[in-house]
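[1] Model the structure of this input:
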Amino acid sequence: MKKIDAAGLVVRVRAIAPHSASGEVKVETIIENPTDAPRTFCDYHTPFEGIRNRIFVIRGADGGELEYQGMMAKRAPPDDEDYITLASGASRSATVDLRSAYDLSPGAYEVHFYGSGICGLPDSEPITIEVGP
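    Predicted structure coming up:
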């Protein structure tokens, strides 16, 4: 079985506009390997499997965290095919619709990817997205 070795990987989130209250609210999560060696992470609890757990922290303009309303997947321990290895200098991305797991009304939100020990990835820096009417 593969092991997680995600030291030095960088996670970024990028908004894919436009965002409307009645449409999709898509974000792209990019994992980059700026290190000089291959790095491996598990795709559990990442956008590479969709939103199957609380993998984003979303805060409204008042600073309060939005409640995660999506599924909570429980799985067997990961197999080799559940790991992603990035070569030195490589990156990989996945796009998800935040509306599939969060109730987003019009307004500004701070969003960041929430890393975990399960995937081995760090948190991303927060971005601001604007959901229009």
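[2] Please make it C-alpha for all contacts and neighbour counts, starting now.
    Fine.
[3] Burial check on Val131, number of neighbours?
    Neighbourhood size, Val131 [other CA atoms under 10 Å]: 20.
[4] Grab the nearest non-local neighbour of the residue nearest the centre of the chain.
    The residue lying closest to the centre of the chain (CA atoms, centre = their mean) is Phe113, at 4.3 Å. Excluding the flanking residues, the one nearest Phe113 by CA to CA, 6 or more residues apart in numbering is Phe56, at 4.5 Å.
[5] so how far is Gly8 from the residue nearest to the centre of the chain?
    Separation of Phe113 from Gly8 (CA to CA, to the nearest Å): 16 Å.
[6] Hmm, Pro106 and Glu130 touching each other?
    Yes. Between Glu130 and Pro106 there is a contact under CA atoms under 8 Å: 7.5 Å.
[7] Which one's more surrounded, those two?
    Of the pair Glu130 and Pro106, Glu130 is the one with more neighbours under other CA under 10 Å, namely 19 against 13.
[8] hang on, isn't Pro47 packed against Arg92?
    No. If you go by CA under 8 Å, Pro47 and Arg92 don't touch, sitting 10.8 Å apart.
[9] More neighbours: which of the two?
    Remark: of Pro47 and Arg92, Pro47 carries more neighbours, 22 against 14, as counted by other CA under 10 Å.
[10] tell me the phi and psi of that one?
    Main-chain dihedrals, Pro47, degrees, to the nearest 10: phi -70, psi -10.
[11] Against Gly107, how distant is it?
    Distance of Pro47 to Gly107, computed by CA to CA: 23 Å.
[12] Also Glu24?
    For Glu24 relative to Gly107 (CA to CA), the value is 14 Å.
[13] the more surrounded of those two?
    Taking other CA under 10 Å, Glu24 and Gly107 do not tie; Glu24 has more neighbours (18 against 14).
[14] dump the residue contacts of the closest residue to Leu98 other than its chain neighbours.
    Nearest residue to Leu98, sequence neighbours excluded (CA to CA, 6+ apart): Val25, at 5.5 Å. Val25 is in contact with Ile16, Ala17, Pro18, His19, Asp97, Leu98, Arg99, Val131, counting by CA atoms under 8 Å, 6 or more residues apart in numbering.
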